[in-house]
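**Student:** Any chance you could fold what I've pasted below:
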Amino acid sequence: MPDLRPPLDPATAHIRRAVRAALEPLRGATVLVALSGGTDSLALTAAVAFEAPRLDVTAIAVTVDHALQDGSDAVAGTAAAAAGGLGLRTRIVRVTVDTEGGPEAAARTARYDALREVAEEESASAVLIAHTLDDQAETVLLGLARGAGATSLSGMPTARPDEKSDVTWLRPLLAVRRAETAAACAAASLEPWHDPHNDDSRFARVRARQLVLPQLESELGPGIAEALARTADQLREDAEAFAEMIEETIEDIVEHAEAGIAVSVAALAANPAALRHRIIRHVVASEFGQSLTRAQTLEVARLVTDWSGQGPLDLPGCRAARVSSRIVFTATP
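**Tutor:** Predicted coordinates:
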């Protein structure tokens, strides 16, 4: 008897395969899906709702209401209702967003804090986030514009353990185009919410999405977004390799000092510049919780490679000085 079922939409199939691969190692676990109600998160939620029961995974859709726009509670309710219609249990969390660091950064911090809290309450081992290949390309492009280093240009990983909890952040759609999430929603008759902030040209990411990337594609040919995403993958491999090298090296060249930490000048000088600079940044980040700019890193490196008696350097959260055969980092008030 012929199979009369309509063929599965290609975009839907692609997204389901990506979600299945992310959920496969989590059989028997509980996961959260971050659902804004937008196209990407709605397509992700629909795929999770289909795949999770087949893998014995309990999935909960969580919508964070940032309360930044009139009617945000109604938007959150509509998103939750859509997830409920797909068979998922839903939760809506209302948060307060301060202004520190700018509205985008503040909203992101509040959102991730809320998701982390719900994950703890629900004993969830992972949170799925709907970033796509297009988001990855925009991240790399903006990093290039800022002159960021390889770590920043490596973009978003598909899986990242949280630094503050036991949860893992999963991004199964990083190989999926935004056009595919729109097609998947249309195929499933799902009506996504369109965030007006996504069309607000005050935000650099919106300008990159609507103006810069299309212009690059027009002038240089198609495939720019995919190329930027590949660049992120390659740089992430490099960053991971350097991180392993630093872990292997750091114990032999670092020692505790009064009110801080010291690094051997000879050992730093013996390493290539790329590794030397990463060791300097790693020491400051791990010991004092601060990030150095490239200019600051190079000034510290000059204490090793171009020593002419210069005095201590004031850095974020610490001071660096050459003392005999060591670079000594000490905390500042």
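
**Student:** going forward, measure contacts between C-alpha atoms and count neighbours the same way
**Tutor:** Fine.

**Student:** what helix or strand does the closest residue to S165 other than its chain neighbours sit in?
**Tutor:** The shortest distance from S165 to any non-neighbouring residue, by Cα to Cα, 6 or more residues apart in numbering, is to R116 (7.3 Å). Using DSSP states H and E, R116 maps to helix 103-122.

**Student:** Pull the residues that contact the very next helix or strand once past that helix.
**Tutor:** Counting by DSSP H and E, the next helix or strand C-terminal to helix 103-122 is strand 126-128. With contact meaning Cα atoms under 8 Å, 6 or more residues apart in numbering, strand 126-128 is reached by 30-34, 115, 119, 167-172.

**Student:** Only the C-alpha atoms, please, for the next helix or strand after strand 126-128, written as CSV.
**Tutor:** Next helix or strand after strand 126-128 toward the C-terminus (DSSP H and E): helix 133-146. The C-alpha trace of helix 133-146 is given here as CSV (Å, rounded to 0.1, in the frame of the first residue of the first chain):
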residue,chain,number,x,y,z
LEU,A,133,24.6,29.9,11.3
ASP,A,134,23.6,33.5,10.5
ASP,A,135,24.0,34.5,14.1
GLN,A,136,27.5,32.9,14.1
ALA,A,137,28.4,34.8,11.0
GLU,A,138,27.3,38.1,12.5
THR,A,139,29.3,37.4,15.7
VAL,A,140,32.5,36.7,13.7
LEU,A,141,31.9,39.8,11.5
LEU,A,142,31.4,42.1,14.5
GLY,A,143,34.5,40.6,16.1
LEU,A,144,36.5,41.4,13.0
ALA,A,145,35.2,45.0,13.1
ARG,A,146,36.4,45.3,16.7
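
**Student:** Buried ones in helix 133-146, by neighbour count?
**Tutor:** L133, D134, D135, Q136, A137, E138, T139, V140, L141, L142, G143 (16 or more other Cα atoms under 10 Å).

**Student:** now swap in stretch 185-194 and tell me
**Tutor:** Neighbour-count burial for stretch 185-194 flags C185, A186, L190, E191, P192 (criterion: 16+ other Cα under 10 Å).

**Student:** The fourth one and L35: what is the separation?
**Tutor:** Going back to what we said before, that points to E191. From E191 over to L35 the distance is 13 Å, taken as Cα to Cα, to the nearest Å.

**Student:** cool, the first one as well?
**Tutor:** Counting by Cα to Cα, the gap from C185 to L35 is 14 Å.

**Student:** try the second one
**Tutor:** From A186 over to L35 the distance is 17 Å, taken as Cα to Cα.

**Student:** all strands in the stretch 201-333 of the chain, in order from the N-terminus.
**Tutor:** 254-257, 260-264, 313-315, 318-323, 326-331 (DSSP state E, counting those that start in this stretch).

**Student:** if we compare the ones you listed, which one ends up closest to D306?
**Tutor:** strand 318-323 (11.3 Å; Cα to Cα).

**Student:** and the angle from that closest one to strand 326-331?
**Tutor:** 160 degrees (axes from the mean of the first three to the mean of the last three Cα atoms, to 10 degrees).

**Student:** Which secondary structure elements does the helix holding R116 sit against?
**Tutor:** Counting contacts by 3 or more Cα pairs under 8 Å, 6 or more residues apart in numbering; DSSP states H and E, helix 103-122 is packed against strand 30-34, strand 58-65, strand 126-128.

**Student:** Any chance of TSV for these, columns mean pLDDT and distance to S324?
**Tutor:** Output for the helices and strands packed on helix 103-122, formatted as TSV (pLDDT from 0 to 100; distance: least, Cα to Cα, whole Å):
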stretch	mean pLDDT	distance to S324
strand 30-34	98	53
strand 58-65	96	54
strand 126-128	98	48
